[in-house]
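Student: any chance you could fold what I've pasted below:
(one chain, ligands or ions: 1)
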Amino acid sequence: MTPLTLLCPQCGSALPRQALWRIVSCTYCGADVTHSEDLVRAADFHDAYLRSRAGDSEADIACGGQRYKTIAHLGTGASATLALAERSGAMPRRVVLKIAHAETQAGQLAREKAILDQLQADDLPGAAYFTQRLPQAVAVGSSAGADGQLREVLVLRHPTGFWGSLADVRLAYGRAIDARHAVWMWRRVLEVLAYAHSGGWSHGRLAPEHLLVHPADHGVLIIGWSGARRSRHDGGAAQGRDLMQLAWAMRAILADAPGEPAISRATPPPLARLLERASLDPAWCAALGAEGMRQAVGGAAKEAFGPARFIDFSPTPSN
Ligand SMILES: Nc1ncnc2c1ncn2[C@@H]1O[C@H](COP(=O)(O)OP(=O)(O)OP(=O)(O)O)[C@@H](O)[C@H]1O
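Tutor: Reported below is the predicted structural model:
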């Protein structure tokens with residue numbers, strides 16, 4: 001063993017051996033010294049901890065051992081209210097809080113988290129890419145609402161850049177959206193669906209309310225997975241129904257009047273024919289599959305508009 005003498009870096013006098021693992025005061029110059037790089041004074045640690053928790057008093061929701069301050073209302077659905085929130089503490093982080101309505105069945109959000117966790121854990125081809133394009137749950141728990149009543153809360157990672165749902169887009173437009181935009185929206189959803197379907201999943205509720213749009217990236221995020229099922233033995237019927245529901249969602253944003261998904265005359269015939277068949281023939285949808293449908297949409301779009309090109313999309317058109 002090599003003998004080791006610890007010297008005070010300030011005055012050069014010998015230090016006790018304990019300086020290897022704790023803070024000692026040099027008996028000659030009074031400096032506080034330690035050899036360890038991990039040690040923090042208890043008082044400094046305590047002060048830093050208090051600083052990191054300074055935002056807790058403003059936080060209104062507690063879940064999974066963390067506290068969150070709601071920042072903005074994002075939307076209201078059949079079973080919950082959605083809010084943008086920030087985690088309080090030393091490392092703030094934007095999240096989406098899904099807060100169950102009082103009458104929502106207990107455990108619904110816990111089920112949604114379990115499904116999202118399974119989707120994230122699936123190790124299918126393309127998982128590294130597609131798991132980033134599916135909602136990610138952080139925690140589930142319950143927290144007292146403004147009325148003092150306990151509500152189930154699901155914390156989700158905040159997917160940046162998403163403007164709102166396709167239902168919100170249709171409302172903001174006040175008329176049918178340009179079919180060229182419907183094409184990329186339809187194809188984006190089909191890409192993610194092809195991945196989820198390959199794992200045996202079906203979403204079951206592909207309404208415009210469950211499709212969030214990212215205008216800048218031409219992206220679409222599928223939300224509302226609480227009704228999703230994994231079935232491998234029904235010959236793809238559930239997946240075919242997903243494709244049919246999606247076609248109706250596209251009809252809704254291409255309809256001239258809200259709530260009446262009659263295909264607008266402005267929709268080019270190749271797309272209108274595809275929409276018609278996809279929304280009425282579940283067996284054909286199941287046989288084609290999401291990838292086959294994606295190619296069919298691409299083919300119809302090429303016939304209608306020529307080669308694909310990027311066109312800026314604004315969810316709130318000025319005219
Ligand atoms: N990350 C988000 N960013 C912006 N808006 C969102 C986000 N998540 C949800 N919303 C809005 O909130 C609405 C309701 O969300 P969601 O469909 O998850 O709730 P729900 O219908 O109560 O739940 P579920 O579909 O599980 O029954 C959506 O239609 C959308 O307008």
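Student: longest single strand anywhere in the chain?
Tutor: strand 66-76 (DSSP state E).
Student: mind giving me the packing neighbours of that one?
Tutor: strand 61-63, strand 80-87, strand 94-100, strand 164-165 (3 or more Cβ pairs under 8 Å, 6 or more residues apart in numbering; DSSP states H and E). All C-beta spots, glycine's among them, are computed from the backbone N, C-alpha and C.
Student: mean pLDDT lowest where, among the ones you listed?
Tutor: In terms of average pLDDT, strand 61-63 trails the rest of those, at a mean of 89.
Student: touching that one from outside, list them.
Tutor: 67-70, 85, 97, 99, 139-143, 153, 155 (Cβ atoms under 8 Å, 6 or more residues apart in numbering).
Student: does the longest strand of the chain come close to the ligand?
Tutor: Yes. Judged by Cβ under 6 Å from any ligand atom, strand 66-76 comes into contact with the ligand through Leu74, Gly75.
Student: which neighbours does that strand have in its sheet, and in what orientation?
Tutor: Paired with strand 66-76 in the same sheet, following DSSP bridges, are strand 61-63 (antiparallel), strand 80-87 (antiparallel).
Student: out of these, which comes closest to the ligand?
Tutor: strand 80-87 (3.8 Å; Cβ to the nearest ligand atom).
Student: so is that closest one next to the ligand?
Tutor: Yes. On the criterion Cβ under 6 Å from any ligand atom, strand 80-87 is in touch with the ligand at Ala80, Leu82.
Student: quick check: mean pLDDT of the strand or helix carrying Gln120?
Tutor: Assigned by DSSP states H and E, Gln120 belongs to helix 108-121. In this model, helix 108-121 carries a mean pLDDT of 97.
Student: taking strand 94-100 as reference, get the angle to that helix.
Tutor: Direction vectors for helix 108-121 and strand 94-100, defined by axes from the mean of the first three to the mean of the last three Cα atoms, to 10 degrees, enclose an angle of 140 degrees.
Student: give me the distance from helix 108-121 to the chain's centre.
Tutor: 12 Å (Cα atoms, centre = their mean, to the nearest Å).
Student: what packs against that helix?
Tutor: Using 3+ Cβ pairs under 8 Å, 6+ apart: helix 108-121 touches strand 94-100, strand 137-144, strand 150-157.
Student: turn the helices and strands packed on strand 66-76 into JSON lines, including mean neighbour count.
Tutor: JSON lines is the format used below for the helices and strands packed on strand 66-76 (neighbours: other Cβ atoms under 10 Å):
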{"stretch": "strand 61-63", "mean neighbour count": "20"}
{"stretch": "strand 80-87", "mean neighbour count": "20"}
{"stretch": "strand 94-100", "mean neighbour count": "22"}
{"stretch": "strand 164-165", "mean neighbour count": "21"}
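Student: could you redo these as TSV and give each row distance to Ser202?
Tutor: Below are the helices and strands packed on strand 66-76 laid out as TSV (distance: least, Cβ to Cβ, whole Å):
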stretch	distance to Ser202
strand 61-63	29
strand 80-87	22
strand 94-100	21
strand 164-165	20
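Student: where does the stretch 1-150 of the chain dip in pLDDT?
Tutor: Low-confidence segments of the stretch 1-150 of the chain (pLDDT under 70): 1, 55, 146.
Student: what residues does it have near the ligand?
Tutor: Residues of the stretch 1-150 of the chain lying near the ligand (Cβ under 6 Å from any ligand atom): Leu74, Gly75, Gly77, Ala78, Ser79, Ala80, Leu82, Val96, Lys98, Glu112.
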